[in-house]
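> Fold the following.
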Amino acid sequence: MRASTLLGAQVRCDGRSIGQVMDVRLREDDGGALLIAGLVVGRRPRASFFGSYRFDGVRPSIIARLLRWRERGSRLIPWCDVVSVDDDVVTVRPGAD
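Below you'll find the predicted structure:
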């Protein structure tokens, strides 16, 4: 599965939408292969993140506050909680949200 196929997919739990996939988190296994570790899910469009959560450098506090406000409500769903991936819909186990 290509991680890019997950971006923008609706995420559903117990039959209701909990947001859309905004990013995919990866991890490296012992052999060096990349595996999906989890999905960043939120209600805002993907572009709202602008990669800001990956930036560890110093930025002006007003920018940091603005980005935290825009990213509120997003969460990481571990890949082990994903039940199925079908036609732009990712279903997660009950209680994963």
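> rest of the way, CA atoms for contacts and neighbours
OK.
> Pull out the buried residues from the strand ranked longest in the chain.
Counting residues, the longest strand in the chain under DSSP state E turns out to be strand 16-28. Residues of strand 16-28 classed as buried by neighbour count (16 or more other Cα atoms under 10 Å): 18, 19, 20, 21, 22, 23, 24, 25.
> Pretty sure the second one sits against residue 43.
Think residue 19. Yes. Residue 19 is within contact range of residue 43, at 4.6 Å (criterion: Cα atoms under 8 Å).
> pLDDT weak spots in this protein?
Counting by pLDDT under 70, the ranges of the chain that qualify are 44-59, 64, 67-68, 70-72, 97.
> Which residue lies nearest the spatial centre of it?
By Cα atoms, centre = their mean, the chain has its centre lying nearest to residue 40, at 1.2 Å.
> isn't it right next to residue 22, touching?
Yes. Here residue 40 reaches residue 22: they are 5.5 Å apart, a contact under Cα under 8 Å.
> that older thread, out of the buried residues of strand 16-28, flag the one nearest to residue 85.
For the buried residues of strand 16-28, the minimum distance to residue 85 (Cα to Cα) is 11.6 Å, reached by residue 21.
> where do the helices sit along the protein?
For the chain, applying DSSP state H gives helices covering 61-70.
> Now do the strands in it.
Under DSSP E, the chain gives strands at 10-13, 16-28, 34-42, 75-78, 82-86, 89-92.
> can you put those in JSON lines and add distance to residue 66?
Formatted as JSON lines, these follow (distance: least, Cα to Cα, whole Å):
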{"stretch": "strand 10-13", "distance to residue 66": "25"}
{"stretch": "strand 16-28", "distance to residue 66": "18"}
{"stretch": "strand 34-42", "distance to residue 66": "16"}
{"stretch": "strand 75-78", "distance to residue 66": "17"}
{"stretch": "strand 82-86", "distance to residue 66": "31"}
{"stretch": "strand 89-92", "distance to residue 66": "29"}
